[in-house]
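Chemist: I would like to see how this sequence folds:
(one chain, ligands or ions: 1)
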Amino acid sequence: MKVVKFGGSSLASGGQINKVFEIVTSDSERKVVVVSAPGKRYPDDAKVTDLLIECGQASLLEQDYQELAEKVLQRYSTIAEELRLPLAIMDEIRADLLSRLESDKSKPDRFMDRIKASGEDNNAKLVAAYFRKMGVEAYYVDPKKAGLLVSDEPGNAQALPEAYEQLQVLRSYPGISIFPGFFGYSKEGDVYTFSRSGSDITGSILANALKAELYENFTDVDAVYSVNPFIVEKPKEIKELTYREMRELSYAGFSVLHDEALVPAFRAGIPVQVKNTNNPSAPGTRIVAVRDNTNGPVIGIASDDGFCSIYVSKYLMNREIGFGRKLLGILEDFGLSYEHTPSGIDDISVILRESQLDETIEAQIKERIMKELHADEVKFEHSLALIMVVGEGMRRNVGTMSRASKALSNAHVNIEMINQGSSEVSMMFGVKQVDEKRAVQALYDEFFAPVTV
Ligand code: ASP
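Modeler: Residues are numbered from 1 along each chain as shown. This is a model prediction of the structure:
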């Protein structure tokens with residue numbers, strides 16, 4: 001059997017849900033369907049999850065949330081009308097959302113998770129109702145009853161090991177199971193969501209638990225592209241890549257799949273196929289454990305901006321035991337998570353997302369590093385972009401780094417830092433944010449553009 005997941009844009013309207021119905025029923029192996037909340041119908045549209053967040057926050061602040069709740073309900077009722085569903089489904093959805101909004105607010109994070117999760121929960125009920133109306137045996141599955149147990153970390157839950165065992169119960173369910181993505185339940189029975197875009201994770205967990213033959217992830221692009229199509233025009237599509245490559249690329253900015261979504265599928269060796277709901281006959285991209293390396297050293301180039309580096313230098317740092325630990329300990333005290341730590345003999349840089357910092361925190365961090373670690377220099381550098389050049393073939397091909405750095409230098413991009421070696425499948429370049437697009441284009445041209453003689 002196959003586990004199939006549909007993203008928000010694939011479920012944003014009645015027309016889209018009908019496409020989902022056609023796709024699912026065209027293959028009898030598609031037994032478990034994971035759904036997101038309704039997403040955007042057009043670029044300026046709002047995602048239901050974003051509306052729910054606004055609504056939940058208004059409620060927490062004791063502001064009037066009715067209008068926002070109506071906006072959410074309007075999205076569902078438009079879909080229900082488009083699909084000509086009986087009115088009862090809207091009564092059920094309305095009652096569910098309103099009771100969540102009136103529920104206990106003493107733990108705001110948990111309250112917010114309860115509100116956010118309603119996006120997928122109610123959408124799954126609606127999709128199941130449509131399948132049944134179309135004469136197909138399909139049922140909404142309550143993740144609590146099915147045993148999707150997660151850790152009690154609001155907005156950042158992780159599946160518990162027991163969940164995989166319990167979820168096998170789905171095998172005995174009749175017909176097609178419509179499973180809401182994005183959340184599970186703690187052992188105490190409370191709702192906790194995964195991080196944003198986490199329905200991908202639900203699909204992967206179910207694929208693992210059910211030992212599915214394939215995890216199909218339907219989205220709104222024909223394939224995973226080798227580079228962001230908003231930076232490079234018509235980039236090459238990737239037909240096949242490994243879990244490791246995909247994880248590196250999604251971590252570094254590819255938004256097609258959640259970067260945590262691959263681990264459960266990978267552990268069970270289940271291939272993942274990314275496909276387009278709006279063009280299901282396109283082959284899409286396959287993610288597997290090993291692939292024939294036929295494409296040269298690089299499979300994709302990802303980039304993301306909004307990073308900052310904290311550069312620390314101290315003479316004889318190399319001899320000082322515990323320096324790195326103490327430095328990271330200071331950041332931990334501020335609750336900061338870091339991404340990379342390239343280092344030299346007497347210096348180390350810690351790269352983190354700058355959205356976590358402000359002037360006050362920076363001044364405090366600087367003071368503590370100077371005082372407690374007796375550093376010679378502490379410098380913050382802002383507005384950096386990280387570019388990740390990814391490919392399994394990199395290790396076996398000589399000169400990939402020199403090709404990359406030459407391409408950057410030809411494009412007059414100054415490399416602020418390089419991190420290579422810790423990952424077997426990627427090289428990282430830190431550049432100034434203003435140079436990001438030029439740098440990505442130059443790297444793409446170097447590794448993907450057809451050679452003209
Ligand atoms: N609806 C959730 C979000 O927007 C989860 C998802 O779509 O995967 O983050």
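
Chemist: can you pull out the helices in this protein?
Modeler: Assigned by DSSP state H, the chain shows helices spanning 14-25, 48-60, 66-82, 88-101, 108-133, 143-146, 161-166, 199-209, 243-251, 262-267, 323-333, 359-373, 400-410, 436-447.

Chemist: return the most buried member of the ones you listed.
Modeler: helix 199-209 (a mean of 29; mean count of other C-beta atoms under 10 Å). C-beta: built from backbone N, CA, C; applies to glycine.

Chemist: and that helix with the ligand, contact?
Modeler: Yes. Using C-beta under 6 Å from any ligand atom, we find that helix 199-209 touches the ligand at residue 199.

Chemist: from the middle of its chain, how far away would that helix be?
Modeler: Taking C-alpha atoms, centre = their mean, to the nearest Å, the mean C-alpha location of helix 199-209 is offset from the chain mean by 13 Å.

Chemist: equivalent analysis for stretch 401-408, please.
Modeler: 29 Å.

Chemist: residues of the worst-scoring helix or strand of the chain on mean pLDDT that come out buried?
Modeler: Lowest by mean pLDDT, DSSP states H and E among the helices and strands of the chain is strand 417-420, with a mean of 85. By 16 or more other C-beta atoms under 10 Å, the buried positions in strand 417-420 come out as 417, 419.

Chemist: parallel or antiparallel, list what pairs with it.
Modeler: Paired strands of strand 417-420, with direction, are strand 426-432 (antiparallel) (DSSP bridges).

Chemist: residues of the stretch 51-200 of the chain that sit close to the ligand?
Modeler: So far as C-beta under 6 Å from any ligand atom goes, the stretch 51-200 of the chain lies against the ligand at 119, 181-182, 196-199.

Chemist: mind redoing it with 5 Å?
Modeler: 182, 196-197, 199 (C-beta under 5 Å from any ligand atom).

Chemist: before we move on, the earlier item: okay, the least confident helix or strand of the chain in CSV with CA atoms only?
Modeler: Written as CSV, here are the backbone C-alpha positions of strand 417-420 (Å, rounded to 0.1, in the frame of the first residue of the first chain):
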residue,chain,number,x,y,z
MET,A,417,33.3,31.6,5.0
ILE,A,418,33.4,28.0,3.9
ASN,A,419,32.4,24.9,5.7
GLN,A,420,33.4,21.7,4.1
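
Chemist: how far does it sit from its chain's centre?
Modeler: 24 Å.

Chemist: just the residues contacting that strand, thanks.
Modeler: Contacts to strand 417-420, defined as C-beta atoms under 8 Å, 6 or more residues apart in numbering, come from residues 309, 340, 342, 349, 351, 401, 405, 427-430.

Chemist: what's the local residue count around residue 45?
Modeler: 15 (other C-beta atoms under 10 Å).

Chemist: could you find the closest non-adjacent residue to it?
Modeler: When the adjacent residues along the chain are set aside, residue 45 lies closest to residue 12, with 7.4 Å between them (C-beta to C-beta, 6 or more residues apart in numbering).

Chemist: could you list the low-pLDDT ranges of the stretch 251-400 of the chain?
Modeler: Within the stretch 251-400 of the chain, the stretches with pLDDT under 70 are 293-295.

Chemist: can you pull out the strands in it?
Modeler: 272-276, 285-288, 300-313, 338-340, 347-353, 377-390 (DSSP state E, counting those that start in this stretch).

Chemist: the residue of the stretch 251-400 of the chain at minimum distance from the ligand and residue 402, how far apart?
Modeler: Proximity of the stretch 251-400 of the chain to the ligand (C-beta to the nearest ligand atom) peaks at residue 258, 7.1 Å away. As judged by C-beta to C-beta, to the nearest Å, residue 258 and residue 402 stand 34 Å apart.

Chemist: mind listing what residue 183 touches?
Modeler: 113, 116-117, 120-121, 143, 150, 157, 191-194, 198, 202.

Chemist: re earlier: which one, of the strands of the stretch 251-400 of the chain, ends up nearest to residue 250?
Modeler: Nearest to residue 250, of all these, is strand 300-313, at 7.8 Å by C-beta to C-beta.

Chemist: elements contacting the closest one?
Modeler: Counting contacts by 3 or more C-beta pairs under 8 Å, 6 or more residues apart in numbering; DSSP states H and E, strand 300-313 is packed against helix 243-251, strand 347-353, helix 359-373, strand 377-390, helix 436-447.

Chemist: residue contacts, the residue nearest to residue 355 when sequence neighbours are not counted?
Modeler: Closest residue to residue 355 apart from its sequence neighbours, by C-beta to C-beta, 6+ apart: residue 306 at 6.1 Å. Listed by C-beta under 8 Å, 6+ apart, the contact partners of residue 306 are 353-355, 385, 433.

Chemist: distance of the nearest residue to residue 37 once chain neighbours are set aside relative to residue 183?
Modeler: Leaving out its chain neighbours, the residue that sits closest to residue 37 by C-beta to C-beta, 6+ apart is residue 119, at 2.9 Å. Distance from residue 119 to residue 183, counting by C-beta to C-beta: 9 Å.

Chemist: so residue 17 sits right up against residue 131, yeah?
Modeler: No. Counting by C-beta atoms under 8 Å, residue 17 sits too far from residue 131 to count as a contact (9.3 Å).
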